[in-house]
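K.L.:
Sequence and predicted structure below; questions after.
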Amino acid sequence: MTNFMSNALEKLNNVVKKFEVTEIDEREVKIDLKPESVLPALSLLKSEGYYHLSLLSAVDWIDEGKFELVYILYSWNDGGKIIVSTKISRKNPEFVTVKHLWPVARYYERELFEFFGIKFEGNDDMKPLFLENWDDLPPLRKDFDPLEYSKKKFPDREYQKDVIHEAKIIRGDING
Amino acid sequence: MGEVKLFFGPNHPGMHGNFSVHMYVEGDTVVKARPLPGFLHRGFEKLMERRLWYQNLALIPRICVPEPDINEVVYALAVEKLANVEVPERAQWIRMIVLELARIAVHLMSMAGIGGPLGLYTGPYWGIADRDRILDIFENLSGARIYHMYIVPGGVRKDMTPKVQEMIVKFLDYLEGRLPEFENLIFKNRIVQTRLRGIALLDRETALEMGVTGIGLRATGVPYDIRKVDPYLYYDKVDFEVPTATEGDAFSRVYLKFREIPQSIKIIRQCLERMPEGKVNVPISEGNALRFRVPKGSVYVHVEASRGEYGYYVVSDGGEKPYRIVVRGASYPQTLYGIEKYLPGTRIEDVPIWLDTMGVCAPEVDR
Amino acid sequence: MANNTIPKKEFFAPIKAWKYMFRKPVTIKVPYVKREAAERYRGFHVNDWNECIGCATCAKICPTDAIKMVEVDDLPHEYGKKPQRPVIDYGRCSFCAMCVDICTTGSLKMTREYIHISPKPEDFVFAPTEKGIHGVDEVPIGWVRDDDSDLLELERVEMEMIEGEERAKSFIEYVKGYSKEKAMHEAARCVECALCTDRCPQHMQIPEYIKAIWKDDLKDALRWLLKGDESNNMLGANPFSAVCGRVCTHRCEEACSIGNRGEAIAIRWLKRYIVDNVPEYEKVLDDIKPAKKDKKVAIVGSGPAGLSAAYFLATMGYEVEVFEALSKPGGVMRYGIPSYRLPDEALDKDISFIQALGVKIHVGVSVGKEIPLQKLKEQFDAVFVSTGFTLGRSTNVPGTEHEDVIQALPLLREIRDYLRGEGPKPKIPKSLVVIGGGNVAMDVARSMARLQNMEYGSVDVKVTCLERNYEEMPADMEEIEEGLEEGVKFYPGWGPVRIIIDDDKVKGVELKKCVEVFDENKRFNPKFDEEQKLYLDADMVVEAIGQAPDYSYLPEELKEKLEFVRGRILTNEYRQTSIEWLFAGGDIVNGPDIIHGVADGYWAARGIDEFLTKGGK
């Protein structure tokens, strides 16, 4: 952990009561927070130099019945990455927006609603971003099966050609 | 005069990939713009979850056509970090050579990219022709021209032969001789200067607020380059500079791309010199490729692509397939948020220039 | 603002452009100029049909699902090969070459061909041949697998064993078995081609249980071992998994596709890993509760075939009683194979599960002496005989009638009884000659080497046989190698002339050179060079040149009805003899090893079930 990073985490201690830190390598840590601590933690880390939001995404832990929200913050000062993670319920998933901290988060959140069905309070623009006329489960959920979907939607191509017969002609086993 | 709605894209000579912008224009000034991605959504993240760790190798480069190698290297670095694998030294140097060659290839292609909107068609011809020489090198190195599938978790698939090294040296010599000609053609060109200077301005504050990385940010005067700030591979062991500019306009961004080429050449020469003999890969897990397993965990790995910060967030549950992979496209912030917020006020004819020099890339946004 | 930075255009600038008129163009004139692809190019495939074994590993690794395996009906059916070849859909192929890198034989390669034009989608599906997809005689080869790009792990995970000299001092099992890490590692090498399943006489579901090991699900693995394919009449189940996990002849490993380029998967040791690491089977598989059927089956002989038949019949709900002449069940597994290869505990684990299913085993009851076979026929609905080869064969050279010239099987039995503490110490000679080159000879030699070590602290065991070298000898190569490590000396290529007896004591063996064992028709017909002689000293000679069946328990009227082929009873595929209530298996029908016996038991059980369901006798 870089000094810069440990300073930031120390200050985080004052704002957030309990959190778990996993050190992935020298310049990367993951912290697991309770949902209610996420906003204060993010704004503190932003003011501590981690003002670049590299990524906002989610992971579907279907067996646990949870969605994990992941905010990856990056600092140009020391090249440190802090992965802020929290788990929310998979039933009626809802969280709060961070678009006031990072305007670009609007689009990440819109994407998450489209692909996971997670709603973000305070972000009203939830029109589909990538998909058109989507009529199934949010597709990045683990219970959505794309193979089944494509079998349902698109025809399979049947080949009539006797491939082996052709190969035998090429090999010279039989005359064509 | 009233507001007119103008559909820009999804297929347009000045547009990269299939991407569309809905613009409301008054006269020839944009007053409102709405990005419309999705034409290239292929569901990569879902597809990756359904393939074996090794099989994904055939899938990931396809996210980005001009620079597929960043995908391979980001994936490989993430898997190696999860699996705690020490990659042979030679492989790391070879990877750096591949990455920098790819960077040159993209920048040469962007000479073509800027030529299109400006109507300067010699740029595209030259850029594409010289890029083809790099593709020849890739073909000899990896067996394919565009989708190399060469950098794998654990190293690279095959060794770099002396013949390929010779080709690279020859090409670098050639390219160094070519650069003044490019400078003459494009950057000393009066038309280019008049068309690009002072256009599509972006100041540092806005760039940081937007989350812009790469050349867009470096054109505002900060030397923020992941290769320097958060070094991966052996970028901390080689000597190179990060060119910056202060104007923050279209010209400075294109010119920065051009100025990065000599730096990449410098890096490749050092790599070729310092590359030791030896093995080029190690298995990431026990067993055969059908049964590779990666320990539980999650990592975020990013690299400096030609367009900025390109990263993967990889989650493993210890199984034979990735549990989740999130792709962070380098141009995601400027393509979505940037277009909506900063395109208004631009004149219609400058829109392609804005989009091109900001590095808007639809495939990595849609995924 | 920016205008003042624009450089002044040079006056001569336009003239400079003229020089480009004289440059060679970078483009080439297609189709007049043909562009050669790079040496490593990943173009269309070639597949050497003679090398390809149809293992389908290419189809499994294919990330785009472009490869399908298609039957080729006129390919020969051989062990270790499947009559199918890959068919590639170039509409799907991503030219990644993973199929080439993982190919178990190296038959699949890529070429430098990259042009194929057709308006019809059908024209993009091919079964690549030696001549590529276009029938070119000299296809330019592109991407091939090399050591760096290989996707298989070719080396076997090493098995820990007690070293040669150390292990020769006792009868402790010297193969230690895999640890969990090692077993999972070895299991990760499997490509699930199932060539092993085809090769195994009992068609055990090998890829399935190896996969279960890899997933660290031993309960599932044990289920595959003991219940086989449950949707297909338990095909592939093996009640003697602990035994076979140690001493099986493992023909499966000869068929293993990994063995084409590397070392075959250690299938036998993996099987052993499963049974060694689960508690009693009945605690793991507690769901075998078939509906009882009111039919009774008698089984004569408690060897591999007999007890397997009992097991499978018991899982079908039949009441089964087994009759064994000796004092413990197991037959050759108990009294033939030495305990350093197969300890009693392993055998007991298998047998106690069979007993837990309700099978009654009567020991010390010799059918034909205490109970006549005819009586079993009256008391039971069907009878299965698997009495094995219990009589030894003799070379019958002069001197073999001496009491210190003995037969292998009784000696091995004596040794095992002694080690178990149930019998007297056998006579341990200071110097021994074993005649025979098979696995039984190895068992005698290596057991005696151990006894000599325990008794005298040194080994003097000599093995001689007709076969001229180690390759010709019927014994497993690893048995010979391990015997050598333990101090056994080998004299292959000699035939006995007489036993040298002096003062009524065995002094040695006189041998003559054997120049040929089999004639041109591959029939056993040894030829000797009478001039060349060899004398080996010995206090004792053991003959281990083969065994024979003992049919004395069969009444004459039954014997007349049965058909015999070279000493073995002829049956149909369900091991039913020409007497409909009498089924037979094991050495007296097929031989030659335990797993064949298990298969006999399985098919006999199905045959008996069918016979009894139809109404019986």
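P.N.:
Everything's here; your move.
K.L.:
any idea how far chain C is from B:His302?
P.N.:
25 Å (C-beta to the nearest C-beta, to the nearest Å). From N, CA and C alone the C-beta is placed, and that goes for glycine too.
K.L.:
tell me which residues of stretch A:89-105 are tucked away?
P.N.:
Along stretch A:89-105, these residues count as buried under the neighbour rule (16 or more other C-beta atoms under 10 Å in any protein chain shown): A:90, A:93, A:95-99, A:101-105.
K.L.:
From the rest of the structure, what touches it?
P.N.:
A:35, A:38-39, A:42-43, A:46, A:53, A:56, A:60-62, A:65-67, A:69, A:71, A:88, A:106, A:109, A:116-123, B:209-211, B:332-333, B:336-337, B:341 (C-beta atoms under 8 Å, 6 or more residues apart in numbering or on different chains).
K.L.:
switch the cut-off to 7 Å
P.N.:
Stretch A:89-105 is contacted by residues A:35, A:39, A:42-43, A:46, A:53, A:56, A:65-67, A:69, A:88, A:106, A:109, A:117-123, B:209-211, B:333, B:337 when judged by C-beta atoms under 7 Å, 6 or more residues apart in numbering or on different chains.
K.L.:
Would you mind listing the buried residues in stretch A:165-176?
P.N.:
For stretch A:165-176, by 16+ other C-beta under 10 Å, it's A:166-168, A:170.
K.L.:
And the strands in the stretch 151-300 of chain B?
P.N.:
When assigned using DSSP state E, counting those that start in this stretch, the strands of the stretch 151-300 of chain B occupy the ranges B:151-152, B:155-156, B:297-305.
K.L.:
In a markdown table, list those strands along with mean pLDDT and distance to B:Val65.
P.N.:
Formatted as a markdown table, the strands of the stretch 151-300 of chain B follow (pLDDT from 0 to 100; distance: least, C-beta to C-beta, whole Å):
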| stretch | mean pLDDT | distance to B:Val65 |
| --- | --- | --- |
| strand B:151-152 | 91 | 17 |
| strand B:155-156 | 90 | 21 |
| strand B:297-305 | 91 | 13 |
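K.L.:
Relative to C:Val332, how far out is whichever residue of the stretch 301-450 of chain C sits closest to chain A?
P.N.:
Closest to chain A within the stretch 301-450 of chain C is C:Phe353: 34.1 Å, counting by C-beta to the nearest C-beta. Per C-beta to C-beta, to the nearest Å, C:Phe353 is found 19 Å from C:Val332.
K.L.:
Give me the subset of the contacts of stretch A:89-105 lying in helices.
P.N.:
Judged by DSSP state H, the subset of the contacts of stretch A:89-105 located in helices is A:35, A:39, A:42-43, A:46, A:106, A:109, B:209-210.
K.L.:
Serialize those to JSON lines and add fields for neighbour count.
P.N.:
Output for these, formatted as JSON lines (neighbours: other C-beta atoms under 10 Å in any protein chain shown):
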{"residue": "A:Pro35", "neighbour count": "14"}
{"residue": "A:Leu39", "neighbour count": "16"}
{"residue": "A:Leu42", "neighbour count": "21"}
{"residue": "A:Ser43", "neighbour count": "14"}
{"residue": "A:Lys46", "neighbour count": "17"}
{"residue": "A:Arg106", "neighbour count": "21"}
{"residue": "A:Glu109", "neighbour count": "24"}
{"residue": "B:Glu209", "neighbour count": "16"}
{"residue": "B:Met210", "neighbour count": "22"}
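K.L.:
what does chain A have sitting close to chain B?
P.N.:
Proximity of chain A to chain B, by C-beta under 7 Å from any C-beta of the partner chain, involves residues A:24-25, A:27-28, A:30, A:51-55, A:57, A:59, A:70, A:72, A:76, A:79, A:81, A:83, A:102-104, A:106-107, A:129-132, A:139-140, A:146.
K.L.:
Which parts of chain A are helices?
P.N.:
According to DSSP H, the helices that chain A contains are A:3-15, A:35-47, A:105-116, A:146-153, A:163-171.
K.L.:
can you put those in a markdown table and add mean pLDDT and distance to C:Leu75?
P.N.:
Output for these, formatted as a markdown table (pLDDT from 0 to 100; distance: least, C-beta to C-beta, whole Å):
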| stretch | mean pLDDT | distance to C:Leu75 |
| --- | --- | --- |
| helix A:3-15 | 80 | 63 |
| helix A:35-47 | 86 | 62 |
| helix A:105-116 | 89 | 48 |
| helix A:146-153 | 88 | 32 |
| helix A:163-171 | 83 | 10 |
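K.L.:
Out of these, which one sits most buried?
P.N.:
Among these, helix A:105-116 has the highest mean neighbour count (mean count of other C-beta atoms under 10 Å in any protein chain shown), at a mean of 23.
K.L.:
mind listing what's buried in stretch B:22-29?
P.N.:
Under 16+ other C-beta under 10 Å, the buried positions of stretch B:22-29 are B:23, B:25.
K.L.:
whoops, stretch C:57-72 was the one
P.N.:
C:57-64, C:66-69, C:72.
K.L.:
hang on, isn't B:Gln207 packed against B:Leu217?
P.N.:
You called it Gln, but residue B:207 is Ala. Yes: using C-beta atoms under 7 Å, B:Ala207 is in contact with B:Leu217, at 4.9 Å.
K.L.:
how long is stretch C:263-281 end to end?
P.N.:
31 Å (C-alpha to C-alpha, to the nearest Å).
K.L.:
Off-centre distance for that stretch?
P.N.:
Using C-alpha atoms, centre = their mean, to the nearest Å, the mean C-alpha position of stretch C:263-281 is found 13 Å from that of the whole chain.
K.L.:
what's in contact with that stretch?
P.N.:
Taking C-beta under 7 Å, 6+ apart as the rule, stretch C:263-281 contacts C:154-157, C:159, C:177-178, C:183, C:186-187, C:189-190, C:196, C:206, C:209-210, C:213, C:218, C:221-222, C:225-226, C:241-242, C:244-246, C:248, C:250, C:252-253, C:256, C:258, C:284, C:349, C:352-353.
K.L.:
helix, strand or coil for C:Met69?
P.N.:
For C:Met69, the assignment made with DSSP: H, G, I helix; E, B strand; the rest coil gives strand.
K.L.:
Residues in a beta bridge with it, which ones?
P.N.:
Beta bridges link C:Met69 to C:Pro86, judged by DSSP bridges.
K.L.:
cool, and A:Lys87?
P.N.:
A:Glu68.
K.L.:
Could you report the pLDDT at it?
P.N.:
Per-residue confidence at A:Lys87 stands at 90 (pLDDT).
K.L.:
check contacts around it.
P.N.:
Counting by C-beta under 7 Å, 6+ apart, A:Lys87 touches A:66-68.
K.L.:
Mark which of these are buried, thanks.
P.N.:
Buried, going by 16+ other C-beta under 10 Å: A:66-68, out of the contacts of A:Lys87.
K.L.:
for those, which one is nearest chain B?
P.N.:
A:Glu68 (8.4 Å).
K.L.:
wouldn't that closest one be in contact with A:Leu56 here?
P.N.:
No: if you go by C-beta under 7 Å, A:Glu68 and A:Leu56 don't touch, sitting 11.9 Å apart.
K.L.:
My understanding was that B:Gly127 contacts B:Leu108; is that so?
P.N.:
Yes: if you go by C-beta under 7 Å, B:Gly127 and B:Leu108 touch, sitting 4.5 Å apart.
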